[in-house]
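J.: Next come a sequence and a model predicted from it.
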Amino acid sequence: MPARTTIAHRVFVTRPIAEAAIRRLAESARVDLWDDDAPPPPADLAEHLRPCDAVLAMVSDRFDAATIAGAPRLGVISNLAVGVDNIDLAAATRAHVAVGHTPGVLAETTADLAFALMMAVARRVAEADRFVRAGRWRMWTPRLMLGRDVWGATLGIVGWGAIGQAVARRASGFGMRVIYASRETPMAGRRARASATPARAATNASAAGAERVALAQLFAESDFISLNLPLTAETRGMIGRTQIAAMKRGAILVNTARGAIVDQSALERALRTGHLGGAGLDVTATEPIDPRDPILELPNVVITPHIGSASHATRLKMAELAVDNILDVFAGRIPRRCANPAVKLRVARRK
């Protein structure tokens, strides 16, 4: 009889994902799946990581220096997300742990949700739905649920990456004036796409009819503001009381990026006073949001539970890319989408 092939690598998957991706991973590794939609508590995460060569992780899993140090076999953290703010990149790089992520495949789906939130707040969709369900709809009247026009309005996009540009393309179909502010930071990764370069970004802006402006001008002129940038040390809290006060009165803020980019208390105050006309949030300062949070009392706020990439097709693509990143490392290569491309790969020990 032919000798049995021993699968040497072990992978911890911290949440159920697309079955097709799990099956493909299982062809090359012993898969330890945390079969619960709730994240593993820190102690359980550490225990499951200890014997593993790789982890397929979620953005809600925290990998600080201590967690990484406690996993001596770990060679790759593959995040099922674009953002890697849940991972200490410097600690991972020092420990020779590659960090993979999933840029590109979720831009269009996230842009869909950003535009859906914009429309929902402007036209009071969620508020109107609650109104009908409560039995308060008696008749049509000319003053019922008056909202804001999206057509022809000015949209300010903060962050001109793949998602911001996808939002702009949708805005062009609504005859919107599009302005944007960008840090012109290329997307992380050794194989970052050409669209991330400043020259390509400028070309895409021209094609979308978008104009680059200073952030102060964007705040002053935008009827709608869409946040589409990563959470970093520089962007954490960048939309605070001063920035919100500088926004055009009645503007609507949409955030599908990260909750910590915005001072949520300052946002809530601006909504209560009427300085801002509304907010559409797919992310919040703390996730899940506390049901007693005062921002939930406001009728002009629509909040979704971090579902920007939540379509069947996109989550499958993300899972497949996350698996690709792991298999690249098992083959001795830097992940095809790597957030710390300068890392020197650790050679995984095999049984």
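T.: Good, I have the coordinates.

J.: The nearest residue to residue 114 once chain neighbours are set aside: neighbour count?
T.: Distances taken as Cβ to Cβ, 6 or more residues apart in numbering place residue 256 nearest to residue 114, at 4.6 Å, with adjacent residues excluded. Every residue, glycine included, has its C-beta placed from N, CA and C. For residue 256, the neighbour count with other Cβ atoms under 10 Å is 27.

J.: Need the three-state assignment for the closest residue to residue 137 other than its chain neighbours.
T.: Nearest non-adjacent residue to residue 137, counting by Cβ to Cβ, 6+ apart: residue 131, 6.2 Å away. Following DSSP: H, G, I helix; E, B strand; the rest coil, residue 131 is assigned to helix.

J.: Residue 131 contacts residue 299, doesn't it?
T.: No: with contact defined as Cβ atoms under 8 Å, residue 131 does not reach residue 299; the gap is 9.5 Å.

J.: Just want to know which of the two has more residues nearby.
T.: A direct count of neighbours by other Cβ under 10 Å for residue 131 and residue 299 places residue 131 higher, at 15 against 12.

J.: Tell me how far the more buried one lies from residue 120.
T.: Residue 131 is 14 Å from residue 120, where distance means Cβ to Cβ, to the nearest Å.

J.: What of residue 262?
T.: Taking Cβ to Cβ as the measure, residue 262 falls 18 Å from residue 120.

J.: Neighbour count for the two, which is higher?
T.: In this view residue 262 and residue 120 are compared by other Cβ under 10 Å, and residue 262 has more residues nearby, 25 against 21.

J.: show me the contacts for the more buried one.
T.: For residue 262, the contact set (Cβ atoms under 8 Å, 6 or more residues apart in numbering) comprises 227, 237, 239-240, 253, 255, 285.

J.: Residue 272 now?
T.: Counting by Cβ under 8 Å, 6+ apart, residue 272 touches residue 298.

J.: can I assume it sits in a helix?
T.: Yes: Residue 272 forms part of a helix when assessed by three-state DSSP.

J.: Look up how far residue 231 lies from it.
T.: Counting by Cβ to Cβ, the gap from residue 272 to residue 231 is 26 Å.

J.: Over to residue 105?
T.: The gap separating residue 105 from residue 231 is 19 Å, by Cβ to Cβ.

J.: What segments of the stretch 101-250 of the chain are helices?
T.: 107-122, 125-133, 162-172, 198-207, 215-221, 241-245 (DSSP state H, counting those that start in this stretch).

J.: Any idea which of those helices has the lowest pLDDT on average?
T.: Lowest mean pLDDT within those: helix 198-207, a mean of 67.

J.: So for this structure, the centremost residue is which one?
T.: With distances taken as Cα atoms, centre = their mean, residue 257 lies nearest the centre of the chain, 4.9 Å away.

J.: so who does that residue touch?
T.: 159, 227-231, 283.

J.: top of these by neighbour count?
T.: Top of those by neighbour count (other Cβ under 10 Å): residue 228, with 27 neighbours.

J.: Between all of the contacts of residue 262, which two are at the greatest distance?
T.: Largest separation among those by Cβ to Cβ: 237 and 253, giving 14.7 Å.

J.: Look at the two and report which has more neighbours.
T.: Using other Cβ under 10 Å as the criterion, residue 237 and residue 253 rank with residue 253 on top: 28 against 15.
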